[in-house]
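K.L.:
sequence and predicted model, in that order:
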Amino acid sequence: MNAAPMNTSHHSPSPIRVGVLGFGGLGQAAAKVLAGKREMILVAVADQKGYAYSAEGLNTDGCIATYQSQGSVGYLEPVGTLSNQSIQDLIASTQGVEGYFLALPNLPNDFIPTVAKEFIKAGWRGVLVDAIKRTSAVEQLLAMKEELQAAGITYMTGCGATPGLLTAAAALAAQSYAEIHKVEITFGVGIANWEAYRATVREDIGHMPGYTVEAARAMTDAEVEALLDKTNGVLTLENMEHADDVMLEVAGICDRDRVTVGGVVDTRNPKKPLSTNVKITGRTFEGKISTHTFTLGDETSMAANVCGPAFGYLKAGQQLHQRDIYGIFTAAEIMPQFVR
Ligand code: NAD
């Protein structure tokens, strides 16, 4: 048989050179995740005020210490550069970054699609991964399929926890059924303080009754704190506009109106207020109605459940890219690859 060998090698020749855009809560966690990997190496980081690049690999602790003490990795000597258009400058001035995880706020709701357009405009080729949340944001990206294909970019969208890990679990669980009746995602998030994940908390506020993405984006930190004071730090979210629905629909699993997402976020306690789970209800070929439940361990943090899958999908995207398969894929249609 002359088929190309499967990628089962235990000693891949050189690690995938990865960049992380956005260096807040998730970006810093992503850098820590990469520090423990052999198959990927962190070579580029960007935040709102600067970027850092090193072909040999960035020092994770150095990046985090500089960001936390000075507000930008651009201050990191000698590899940092200050810039008000850090993403454009990073793409323009560096070669050889094979994949980026976009750990950026999606504020406004078309921000990440705009960043994808920057990559296209710059003529960059490689793998992009996001952990974007809103249905309308994923729809904007899906509409860019042909542009991404023509540009030689393999874009993996919705590859965090939800959407992401839980959507993929639903896609897997669906295999037992002839018809899917309901996919119900319920997440519990516990974080010690909201400042560690400002964008995540703001975007969650945007889902609350009476709020919009724009309203949440315009809130000052003091206004966010005042709101959290009223709820004892807890946000309860129901019937969220979450892209798990469009992803499962595009994957041909069920109509989007059968998918619901809600959750509870405690911004003052790292302990999860409830166990994150997805319940997939359907009818088997014998006519039995049943529910599969996939529950995440309570000890696993939001950061672990977002960054792990994001890099798993980056690795899967890299394998597609190497086979000249470009365009856009969601977490519901591709199996993530475990990164060693
Ligand atoms: P954060 O507020 O902690 O950090 C955002 C970072 O982005 C900061 O470093 C900031 O400097 C940088 N940034 C902002 N604008 C920039 C720009 N124009 N250029 C370069 N850098 C810029 O954010 P976070 O809480 O870590 O969240 C990041 C994203 O992850 C959010 O969009 C959130 O919705 C998403 N998220 C997804 C999931 C999931 O399961 N899918 C879970 C949690 C968070």
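P.N.:
Cool, got the structure.

K.L.:
ok, the residue lying closest to residue 83 once chain neighbours are set aside - contacts?
P.N.:
Nearest in space to residue 83, with sequence neighbours left out and distances taken as CB to CB, 6 or more residues apart in numbering, is residue 89 at 4.6 Å. In short, each C-beta sits where N, CA and C put it, glycine included. For residue 89, the contacting residues are 51, 81, 83, by CB atoms under 8 Å, 6 or more residues apart in numbering.

K.L.:
the last one and the ligand, how far apart?
P.N.:
So the one you mean is residue 83. Residue 83 sits at a distance of 9 Å from the ligand (criterion: CB to the nearest ligand atom, to the nearest Å).

K.L.:
tell me the contacts of that residue?
P.N.:
49-51, 74, 89.

K.L.:
out of these, which are inside strands?
P.N.:
Helix and strand membership here follows DSSP state E; of the contacts of residue 83, those in strands are 50-51.

K.L.:
closest one to the ligand out of the contacts of residue 83, please.
P.N.:
Nearest to the ligand among the contacts of residue 83, counting by CB to the nearest ligand atom, is residue 49 at 6.8 Å.

K.L.:
need the pLDDT of the closest one.
P.N.:
The predicted structure scores residue 49 at 98 on the pLDDT scale.

K.L.:
now residue 198: how far from residue 205?
P.N.:
Summarising the geometry, the distance separating residue 198 from residue 205, computed by CB to CB, to the nearest Å, is 11 Å.

K.L.:
got the contact list for the residue lying closest to residue 180 once chain neighbours are set aside?
P.N.:
Distances taken as CB to CB, 6+ apart place residue 254 nearest to residue 180, at 4.0 Å, with adjacent residues excluded. With contact taken as CB under 8 Å, 6+ apart, residue 254 is in contact with 174, 180-181, 183, 248.

K.L.:
and residue 254, what helix or strand is that in?
P.N.:
For residue 254, there is no helix or strand it lies in under DSSP states H and E.

K.L.:
so it versus the ligand, what's the distance?
P.N.:
The span separating residue 254 from the ligand equals 20 Å under the rule CB to the nearest ligand atom.

K.L.:
next one: phi and psi at that residue?
P.N.:
Geometry field for residue 254 lists phi and psi as phi -160, psi 160, criterion degrees, to the nearest 10.

K.L.:
flag every residue of the chain that's near the ligand.
P.N.:
By the criterion of CB under 6 Å from any ligand atom, the positions of the chain lying close to the ligand are 21-27, 46-48, 86-87, 103-106, 131, 133, 160-164, 197-200, 203, 302, 306.

K.L.:
if you look at the residues you listed, which of them are in helices?
P.N.:
Assignment to helices by DSSP state H places the following of the residues of the chain next to the ligand there: 25-27, 86-87, 198-200, 203, 302, 306.

K.L.:
give me the low-pLDDT residue ranges for the stretch 201-340 of the chain?
P.N.:
Along the stretch 201-340 of the chain, no part satisfies pLDDT under 70.

K.L.:
can you pull out the helices in it?
P.N.:
213-218, 221-230, 244-250, 302-322 (DSSP state H, counting those that start in this stretch).

K.L.:
same question, the stretch 51-200 of the chain
P.N.:
Per DSSP H, counting those that start in this stretch, the stretch 51-200 of the chain has helices spanning 60-70, 86-93, 111-121, 135-142, 145-151, 165-173, 198-205. These are given in chain order.

K.L.:
of those, which approaches residue 261 most closely?
P.N.:
Evaluated over those, closeness to residue 261 peaks at helix 165-173, with 8.7 Å, by CB to CB.

K.L.:
tell me which other helices or strands that closest one touches.
P.N.:
Taking 3 or more CB pairs under 8 Å, 6 or more residues apart in numbering; DSSP states H and E as the contact definition, the neighbouring helices and strands of helix 165-173 are strand 179-190, helix 244-250, strand 277-283, strand 289-295, helix 302-322.

K.L.:
that older thread, and the gap between the residue nearest to residue 83 and residue 157?
P.N.:
Remark: distance between residue 89 and residue 157 (CB to CB) = 24 Å.

K.L.:
try residue 216
P.N.:
Taking CB to CB as the measure, residue 216 falls 21 Å from residue 157.

K.L.:
more neighbours: which of those two?
P.N.:
When neighbours are counted by other CB atoms under 10 Å, residue 157 comes out ahead of the other of residue 216 and residue 157, with 29 against 21.

K.L.:
quick check: bridge partners of residue 130?
P.N.:
Beta-bridge pairing of residue 130, defined through DSSP bridges, involves residue 102.

K.L.:
that one: what's it in contact with?
P.N.:
The contact partners of residue 130, by CB under 8 Å, 6+ apart, come to 101-102, 104, 112, 141, 155-160.

K.L.:
how many other residues sit next to residue 112?
P.N.:
Taking other CB under 10 Å as the neighbour definition, residue 112 ends up with a count of 26.

K.L.:
how about it, nearest residue that isn't a chain neighbour?
P.N.:
Closest residue in space to residue 112, ignoring its immediate chain neighbours: residue 106 at 4.9 Å, by CB to CB, 6+ apart.

K.L.:
same question, residue 46
P.N.:
Using CB to CB, 6+ apart and skipping residues adjacent in sequence, the residue nearest residue 46 is residue 86, 4.3 Å away.

K.L.:
equivalent analysis for residue 340, please.
P.N.:
Distances taken as CB to CB, 6+ apart place residue 39 nearest to residue 340, at 5.0 Å, with adjacent residues excluded.
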